[in-house]
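> Got a sequence here, can you model it:
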Amino acid sequence: MIAFGRSRHIPNLKLLAAPAPWLPYLLANLAGLYAGVTLVTLRRRWHKEKHWDEHPGEWPPIQRPFFYLGTYLGDPPRES
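Now for the predicted structure:
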């Protein structure tokens, strides 16, 4: 016999809803990535130009990474 109306065999419609859109998150991440790369490039360029203005004809020193707290190649040796 076919039962009309509400049946306990009807699936839960909340489980079949569309997933949350991921495109805004992807676009925000890409914009952040390109903004970060652009700012790092400009920072390195400004660093080199400042060094060339103060010391014409010399190579600029190796720039220390911004978020690295340990010793780096270009640092003077520590006195123990």
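> Next up, the contacts around the spatially most central residue of the chain.
When C-alpha atoms, centre = their mean is applied to the chain, the residue found nearest the centroid is Leu33 (4.4 Å). In this structure, Leu33 makes contact with no residue, judged by C-beta atoms under 8 Å, 6 or more residues apart in numbering. For glycine as for every other residue, the C-beta is placed from the backbone atoms N, C-alpha and C.
> so it is in which element?
For Leu33, the host element (DSSP states H and E) is helix 23-54.
> quick one: low-confidence ranges for the protein?
Of all residues in the chain, those with pLDDT under 70 make up the ranges 1-17, 73-77, 80.
> coming back round to it: kindly provide the distance from the residue nearest to the centre of the chain to Leu39.
Distance of Leu33 to Leu39, computed by C-beta to C-beta, to the nearest Å: 11 Å.
> which residues are in contact with both of these two?
Here Leu33 and Leu39 have no joint contacts, going by C-beta under 8 Å, 6+ apart.
> returning to what we had before: buried ones in the helix holding Leu33, by neighbour count?
When burial is assessed from 16 or more other C-beta atoms under 10 Å, helix 23-54 yields no buried residues.
> what about Leu70, which SS state?
Quick fix: residue 70 is Gly, not Leu. Following DSSP: H, G, I helix; E, B strand; the rest coil, Gly70 is assigned to coil.
> What is the burial count for it?
The tally of other residues near Gly70 (other C-beta atoms under 10 Å) stands at 6.
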